[in-house]
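K.L.:
for reference, the sequence and a predicted model appear below.
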Amino acid sequence: MRFNFITLFPERIEAFFNTSVPGKALDKKIIEIHTIQLRDFAGNKHNRVDDTIYGGGPGMLLQIGPIYRALESLGENKGKVILLSASGETWNQELANEFAHFKEPITFLSGYYEGIDGRVSEHLVDREVALGNYVISSGDIAAICIADCISRLIPGYLGKISSLLEESHNESDVLEYPQYTKPREFMGWKVPDVLTDGNHKEIDLWREANRKKK
C-alpha cells in the first residue's frame with residue numbers, strides 16, 4: 001500500500017517509517033511512503049503557506065492554494081485524501097480495517113496552527129479523521145499513528161498472523177489478557193502458576209477469563 005503525507009515536516013514521517021518494523025516493511029515493498037513538502041507548492045518567494053483568518057481570530061490557517069497544488073502533483077497516485085481534523089470521525093479499529101482494504105493509495109493531509117481553510121474539507125478531501133477527543137500540536141502525529149495502524153493489517157507486515165489476531169481491539173468489547181516473561185519471580189511478584197505448568201487447555205481458560213473489558 002502507498003501512503004502519501006502532505007506535510008511541513010517530512011523528516012518526522014521519514015524518521016518513524018525508516019526504523020524497526022516499518023523500515024523492514026519498506027525494504028520488502030509491503031508499504032510505500034512518500035512525503036510531499038507543502039512549502040514546495042507555496043507559489044511565493046517566501047514559501048509561505050498560511051495566512052490570517054477572514055473575520056478575525058487568533059492564529060493562522062493553511063491556505064487552500066498550496067494544498068490544491070500539492071494534491072494535483074500526485075496525479076493518479078493521490079488516491080483517497082484523508083484530512084486529519086478534530087471534527088472528523090474518531091479513529092478506531094473498525095476504521096483501520098476499512099482503510100486497510102482500500103485498493104488505491106492513501107494521502108494524509110496534516111493540519112497545523114489554527115487549522116486549514118474550510119474549503120479544503122468542503123472540496124478536496126474524501127474523509128476527515130480525528131485521532132481522539134483531544135488536541136495535539138500537529139496532524140503529522142495523527143497521520144503517523146493512523147498509517148501505522150493500517151499497515152499492521154496488511155499481509156506480510158507483521159509476519160505472525162496469530163499474533164495479529166490476538167491483539168487488543170480486534171474484538172468489539174475486550175482487550176488483551178496480561179502477559180509475562182522471565183524471571184518467574186521478581187521482588188516477590190510471581191507469574192501466575194497456571195502459565196508455567198504447561199497445561200495449554202488451562203492456559204487458554206486462564207487467558208479467556210483474564211481478558212480485560214473496555
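P.N.:
All right, it came through fine.
K.L.:
which ones are touching residue 110?
P.N.:
5-8, 84, 138-140, 142-143 (Cβ atoms under 8 Å, 6 or more residues apart in numbering). Heads up, the C-betas are built off the backbone N, CA and C, glycines and all.
K.L.:
now with 6 Å, please.
P.N.:
Listed by Cβ atoms under 6 Å, 6 or more residues apart in numbering, the contact set of residue 110 reads 7, 84, 139-140, 143.
K.L.:
neighbour count added to the residues you listed, as JSON lines?
P.N.:
JSON lines is the format used below for these (neighbours: other Cβ atoms under 10 Å):
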{"residue": "7", "neighbour count": "25"}
{"residue": "84", "neighbour count": "25"}
{"residue": "139", "neighbour count": "28"}
{"residue": "140", "neighbour count": "24"}
{"residue": "143", "neighbour count": "29"}
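K.L.:
same list (those residues) but as CSV, adding pLDDT.
P.N.:
What follows is the contacts of residue 110, written out as CSV (pLDDT from 0 to 100):
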residue, pLDDT
7, 97
84, 94
139, 93
140, 96
143, 97
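K.L.:
from residue 2, how far out is the residue nearest the centre of the chain?
P.N.:
In the chain, the residue lying closest to the centroid (Cα atoms, centre = their mean) is residue 146, at 1.2 Å. Distance, residue 146 to residue 2, using Cβ to Cβ, to the nearest Å: 15 Å.
K.L.:
on that earlier part again, can you name the two of the contacts of residue 110 that sit furthest apart?
P.N.:
Greatest spacing in the contacts of residue 110, by Cβ to Cβ: 7 and 84 (10.2 Å).
K.L.:
quickly list the domain ranges of the protein.
P.N.:
2-151, 173-209 (automatic domain parsing).
K.L.:
relative to the whole chain's centre, how far out is the longest one?
P.N.:
On the basis of Cα atoms, centre = their mean, to the nearest Å, domain 2-151 sits 10 Å off its chain's mean C-alpha point.
K.L.:
now the shortest one
P.N.:
Mean-position distance between domain 173-209 and its chain equals 31 Å (Cα atoms, centre = their mean).
K.L.:
show me where this protein has strands.
P.N.:
2-7, 32-37, 50-51, 61-62, 80-90, 106-109, 127-130, 185-186, 189-190 (DSSP state E).
K.L.:
now those strands in TSV, with distance to residue 44?
P.N.:
TSV is the format used below for those (distance: least, Cβ to Cβ, whole Å):
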stretch	distance to residue 44
strand 2-7	18
strand 32-37	15
strand 50-51	11
strand 61-62	14
strand 80-90	23
strand 106-109	20
strand 127-130	28
strand 185-186	60
strand 189-190	61
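K.L.:
so which of those strands is nearest residue 21?
P.N.:
strand 32-37 (13.2 Å).
K.L.:
surely residue 104 and residue 77 touch.
P.N.:
No: with contact defined as Cβ atoms under 6 Å, residue 104 does not count as touching residue 77 (8.6 Å).
K.L.:
which helix or strand in the chain has the lowest average pLDDT?
P.N.:
In the chain, the helix or strand scored least confidently by mean pLDDT, DSSP states H and E is helix 161-166, which has a mean of 48.
K.L.:
any low-confidence regions in this structure?
P.N.:
Scanning the chain with the threshold set as pLDDT under 70 gives 160-174, 213-214.
K.L.:
which residues sit against the lengthiest helix in it?
P.N.:
Ranked by number of residues, the top helix in the chain under DSSP state H is helix 139-151. For helix 139-151, the surrounding residues in contact (Cβ under 6 Å, 6+ apart) are 3, 5, 7, 9, 12, 16, 31, 84, 91, 96, 99-100, 108, 110-111, 131, 157.
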